[in-house]
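In: quick one: sequence and predicted model below, then my questions.
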Amino acid sequence: MKSFRGERVNSLRFNGGGPEHDREFMLVDDSELRRGKRLTARELHGLLGFSATYEDGAVAVVAPDGTRVRSDDADFATRIRDMVGHPLTLHEDTSGANHDDSDVLVINMESARALAQEYGETRSYRRFRPNIVLDGAGATPYVELTWIGKRFTVGGVEIEASAPNLRCAIPTVDPDTLEVDPKFLRFIVEKHDGIFGVYCRVIKGGTIHEGDQWNAVG
C-alpha cells in the first residue's frame, strides 16, 4: 500500500513493473478540497504507522493500534475512513502508476551510515523506503551515484540504474515515532543536492532472496 509502513521480507518477486504487488493499492483523497488526488504520507504522516499485506486478491490493513480490516470486508470503506480519520477511497492499479518515479529504489547502507554521521544524528535507512538495501561487499559511500546507465544482477533479477533519487519530504518522518525533522531534508538538499539512493528499472524479472549478491553486468 502506497505510503504505508515498509516491510522487510526474506524474498521478493520482481516483475517488469518492479516488486510484485508493491504500491498496487493506494488511498485516494475524498475530501472536498482534494477529491480524486493521491492521499500519501506527505499529507498525513500518520499513514506511515499503518501496514498492509496482500492476501488472496485483497489487501489487509492493520492500524497502529492493531485494528485489522480487509478490502473485501463489506464495511471496509467505513472502517478504513475511521481508522485513518480522513475521507478516502481505496484505489487499485496494477500498471505501476502508483509509483512516484521508477519501479525500484536501491540504497547503499554505507551511504546511509555516512549520511547519518555527516548529519550528526542516527537516522534509519527505513526513512528512505527502499526496495533493495545493499550492505557489505566493500561498497563505498555514494558509489551508487556512479552507476547510472549500468546494469546489475541480484538473485534472478537484472536491473539497470536509471537515475539518482531526488528526495521528497518523507525522509523527514521517523518511521517508528512519526516525529518530523524538517532539518534532515534541508541537510540532504544543502550537502547532496537533495539526492539519496538510485532509481532502477527491471530488465529481467525474477526473485531476490535476502543475502543475494549484487553483481555488475559486463
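Out: Done, it's in.
In: show me how this structure divides into domains.
Out: Following automatic domain parsing, the chain resolves into domains at 11-92, 104-216.
In: burial of the residue lying closest to Thr67 once chain neighbours are set aside, as a residue count?
Out: Among residues not flanking Thr67 along the chain, Met83 sits closest, at 5.9 Å (C-beta to C-beta, 6 or more residues apart in numbering). Backbone N, C-alpha and C define where each C-beta goes, glycine included. Other residues near Met83 come to 18 when the count uses other C-beta atoms under 10 Å.
In: of the domains of the chain, which shows the lowest average pLDDT?
Out: Among the domains of the chain, domain 11-92 carries the lowest mean pLDDT, at a mean of 87.
In: secondary structure element for the residue nearest to Thr67, which one?
Out: Element membership of Met83 [criterion: DSSP states H and E] is helix 76-84.
In: what of Ala112?
Out: Judged by DSSP H and E, Ala112 forms part of helix 109-119.
In: Lys191 now?
Out: Lys191 is part of helix 182-192 when elements are defined by DSSP H and E.
In: just checking, next helix/strand downstream of that helix?
Out: Following helix 182-192 in sequence order, the next helix or strand is strand 195-204 (DSSP H and E).
In: gap between the helix or strand just after that next one and the chain center?
Out: Next helix or strand after strand 195-204 toward the C-terminus (DSSP H and E): strand 206-209. Put simply, strand 206-209 sits 18 Å off its chain's centre (C-alpha atoms, centre = their mean, to the nearest Å).
In: what comes up buried for strand 206-209?
Out: Buried residues in strand 206-209, counted by 16 or more other C-beta atoms under 10 Å: Ile208.
In: and it, what does it pack against?
Out: Judged by 3 or more C-beta pairs under 8 Å, 6 or more residues apart in numbering; DSSP states H and E, the packing partners of strand 206-209 are strand 11-15, strand 157-166.
In: 6 Å instead, please
Out: Applying 3 or more C-beta pairs under 6 Å, 6 or more residues apart in numbering; DSSP states H and E, one finds that strand 206-209 contacts strand 11-15.
In: quick check on the spatially most central residue of the chain: phi, psi?
Out: Using C-alpha atoms, centre = their mean, the residue of the chain that lies closest to the mean C-alpha position is Arg129, 3.5 Å off. Note on Arg129: backbone dihedrals following degrees, to the nearest 10 are phi 50, psi 50.
In: next structured bit after the helix holding Ala112?
Out: Going down the chain from helix 109-119, the next helix or strand is strand 132-134, by DSSP H and E.
In: what lines up beside that following strand in the sheet?
Out: In the sheet, strand 132-134 lines up against strand 104-108 (parallel) (DSSP bridges).
In: how many degrees apart are the partner strand and strand 157-166 in direction?
Out: 80 degrees (axes from the mean of the first three to the mean of the last three C-alpha atoms, to 10 degrees).
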